[in-house]
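Undergrad: Turn this into a model:
(one chain, ligands or ions: 1)
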Amino acid sequence: MSEQKAFSLDIRDNGIAVITIDVPGESMNTLKDTFADEVGTLLNRLESESDIKGVVFISGKPGSFIAGADINMINDCETAADAESLARKGQAMFDRIEQLDVPVVAAINGACLGGGLELAMACHVRVASDESKTQLGLPEVQLGLLPGSGGTQRLPELVGVQQGLTMMLTAKQLRAKQAKKAGLVDEVVPNSILLEAAMKHALKSKPKRTKAPLKGVSKLLEATSYGRGIIFKKAAEQAQKKSQGNYPAIDKIIETVRTGVEKGREAGFDQEARSFGQLAMTNESYQLRQIFFATTEMKKETGADGVKPAETHRVGVLGGGLMGGGIAYVTAAKAGLPARIKDIAADGITHALHYSYERLNKKVKRKHMRRAELEHTMLKLSGTLDYSGFERIDVVIEAVFEDLDLKQKMVADIEQHAKPETIFATNTSSLPITQIAEKAKRPENVIGLHYFSPVDKMPLAEIITHQGTSDQTIATTVALARKQGKTPIVVKDGAGFFVNRILAPYMNEAARLVLAGEPIEHVDKALVKFGFPVGPVTLLDEVGIDVGAKVAGILRKELGERFEPPAAFDKLMDDDRKGKKNQKGFYQYGKGVKGKPVDSSVYSLLDIEPKQQLDRETIAELCVLPMLNEAAYCLQEGIIRSARDGDIGSVYGIGFPPFRGGPFRYMDEIGIGTLVAKLEKQAEKRGDRFQPAPLLVEMAEQQRRFY
Ligand SMILES: C[C@H](O)CC(=O)SCCNC(=O)CCNC(=O)[C@H](O)C(C)(C)COP(=O)(O)OP(=O)(O)OC[C@H]1O[C@@H](n2cnc3c(N)ncnc32)[C@H](O)[C@@H]1OP(=O)(O)O
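TA: This next block holds a predicted model:
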């Protein structure tokens, strides 16, 4: 029996060679170096057959073209030379495709990413389906890499330097119509006629490479070396600001594109392959690849081994406030499920409906959505002041005030008005699920489903089980959160659950440093430089100082002295300083405030004379150490199920620097023995809150790692 191939050739009667890519045994096509010989043999045949008029590359997988080079293969490279050689093989293969004498067309439906888009760009024409799944992009930067098989050269040629850089530096993906506008795609058609449309192009004469369709200022800038210089300088400045120098791939992308533009393709290709090799060996790329693997692995898990989630047809949302509005939105717009919003006031319902409308309308205005789709989605949302319609609801998500009695009443109401199997998921951020379920007749149906604000943007959901939560409830809730576009982690009930629990000691330490006189912006910058998206003091302003104070109190009560908040909250509260929401916090807000100046009146309020005493590295270490330590406590106590869940929760929940892999991978990187020594040193100097978690001490003694 002949071995099944990934690329199969079918020469049609009209003289078109249709090459179908269908990697055996994989749900999505990814490119491997072993395909080079297979494709080489195919190309030899195409070159030798004189009656072939054109070639079409199309995917044999139903909803995707090619998702890029196989990341496992990149992960297996042991040296930079290995990875460089992969890149060169890809470059050579795509060059041969580009050099075919007959027209070569890529027929694209679904994800066309990384190496997949590099293959498509080597073709002479690209036809894409108008399906929403069709997305084109070079997301290698998210893996700490640069496009290694010609992408750094061909993308700027097709769409211009500015747009090409933006796509590569931000991993931005374009939908078919956007890609057409940018010059990346030549025609957009319904998927049902994709092959036919591609064949039509393949029957024409081979097109000349066209220039990027630039207009106005972009055209002027890109036409001269001086103008391009401005583009590169600006890209470098912006990228530096965003990456804080933490992502080596960013500089390499800019350098490589620039080499190609200034010295020609050959020099560009050469630099591209070398840089790819070097980047593949960096720790940043390694850690980012692990995040990809962990995320993909988690997509398959139900949260309860061997249990199939029940189908959710209808969702109820209690409370139409900011969180309730967001939850209703992701239910209708992302999960495509009807959401019935119950509030005690008509205003609450109107607010929630308006919230969704605003978001959808923005998409319509940006032409990312048709008005009919907006209307269709809005029809999925309905409101009620009583529980009418709740008898058909499968999962209720509660987002009312943080009040235990109220939440227990909601449980009782749902048990009365909904079905016996209806799940009650609470979005509490601070109350124990065990207590919310305490008076339930069917506690097995009660679970925590903790979203982060803003709900439609933040990728994480914590799914919190109490002792009596049934496996069926867990699996169904996990599946629903995933449908809503979230990455769920299942955690055990306990104060602060996981995310807020590891965040609190980190914020407390930042506040202590401020109270000790470190300037506010200095503390924030230190943590941004470390890789967090915003600094801890900014975060406190964003979350709300009042909320921070409340959570800090609960954690102190439940978890002990280690969580003792710094003595500043009372003064801040007495001064009505709540942060961004009332435009009174550590920073200045309001109309006419430019940049982000510190509100220096906070220093006098707290009796501080700001003076920089510690360097950025020390500040970052002092804030991050307690977070790492607390993550270890959470693992030790079974709050999280694995180091992997803790890493993904931290990266997606609080923006722990992804290039460090998450707290557990970062602890492995530091070395558990070294970490324990650091914690002990600070415990001696600054107090017992730094005492290492017993798990860390034990691991250090036994020289163990988390991974
Ligand atoms: C030389 C080149 O320039 C270098 C490169 O091309 S590097 C790779 C660049 N490409 C990427 O980064 C894309 C990575 N993939 C993704 O983002 C997402 O998988 C996706 C958006 C394509 C699809 O998402 P989704 O529909 O949720 O499916 P998802 O579960 O993630 O993936 C389906 C399967 O494809 C696999 N897969 C997808 N892309 C892959 C890749 N590039 N390498 C290896 N496996 C990949 C997944 O592991 C998963 O495998 P499984 O069925 O065995 O679990």
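Undergrad: And residue 131, what's its pLDDT?
TA: Here, the pLDDT recorded for residue 131 equals 93.
Undergrad: Next: the one 5 residues further on.
TA: At residue 136, the model reports a pLDDT of 98.
Undergrad: ok, it - how many residues close by?
TA: Residues contacting residue 136 under the criterion other C-beta atoms under 10 Å number 27. C-beta coordinates here come from the backbone N, C-alpha and C atoms, glycine included.
Undergrad: got it, and residue 81?
TA: Residue 81: 12 neighbours (other C-beta under 10 Å).
Undergrad: Look at it and report its pLDDT.
TA: Looking at residue 81, its pLDDT reads 98.
Undergrad: Do I have it right that it meets residue 277?
TA: Yes - between residue 81 and residue 277 there is a contact under C-beta atoms under 8 Å: 6.3 Å.
Undergrad: shouldn't residue 40 be in contact with residue 89?
TA: No - contact criterion C-beta under 8 Å: residue 40 and residue 89 do not qualify, at 10.0 Å.
Undergrad: Between these two, which is the more surrounded one?
TA: residue 89 (20 against 13).
Undergrad: ok, that one - contacts?
TA: Applying C-beta atoms under 8 Å, 6 or more residues apart in numbering to residue 89 gives the contacts 33, 36.
Undergrad: Could you say which helix or strand holds it?
TA: helix 80-98 (DSSP states H and E).
Undergrad: does the ligand sit close to that helix?
TA: Yes - on the criterion C-beta under 6 Å from any ligand atom, helix 80-98 is in touch with the ligand at 87, 90.
Undergrad: in that helix, what's buried?
TA: Buried residues in helix 80-98, counting neighbours by 16 or more other C-beta atoms under 10 Å, are found at 80, 82-91, 93-94, 96-97.
Undergrad: for stretch 69-78, same thing?
TA: Buried residues in stretch 69-78, defined by neighbour count with 16+ other C-beta under 10 Å: 69-71, 73-75, 77.
Undergrad: Among those, which ones are in strands?
TA: In strands, judged by DSSP state E, none of these are found.
Undergrad: Remind me what the helix or strand hosting residue 508 packs against, helices and strands.
TA: Per DSSP H and E, residue 508 falls inside helix 499-515. If you count contacts as 3 or more C-beta pairs under 8 Å, 6 or more residues apart in numbering; DSSP states H and E, helix 499-515 packs onto helix 520-530, helix 536-543, helix 545-559, helix 616-636, helix 643-654.
Undergrad: who in the stretch 201-350 of the chain is up against the ligand?
TA: 296, 299-300.
Undergrad: Now neighbour count and pLDDT too, for those residues, in a markdown table please.
TA: Converted to a markdown table, those look like this (neighbours: other C-beta atoms under 10 Å; pLDDT from 0 to 100):
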| residue | neighbour count | pLDDT |
| --- | --- | --- |
| 296 | 10 | 95 |
| 299 | 8 | 94 |
| 300 | 6 | 93 |
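Undergrad: Let me see the contact set for residue 155.
TA: 117, 121, 138, 147, 164, 167-168, 184.
Undergrad: can we see that at 6 Å?
TA: residue 164 (C-beta atoms under 6 Å, 6 or more residues apart in numbering).
Undergrad: how close does it sit to residue 149?
TA: 11 Å (C-beta to C-beta, to the nearest Å).
Undergrad: Over to residue 444?
TA: Counting by C-beta to C-beta, the gap from residue 444 to residue 149 is 52 Å.
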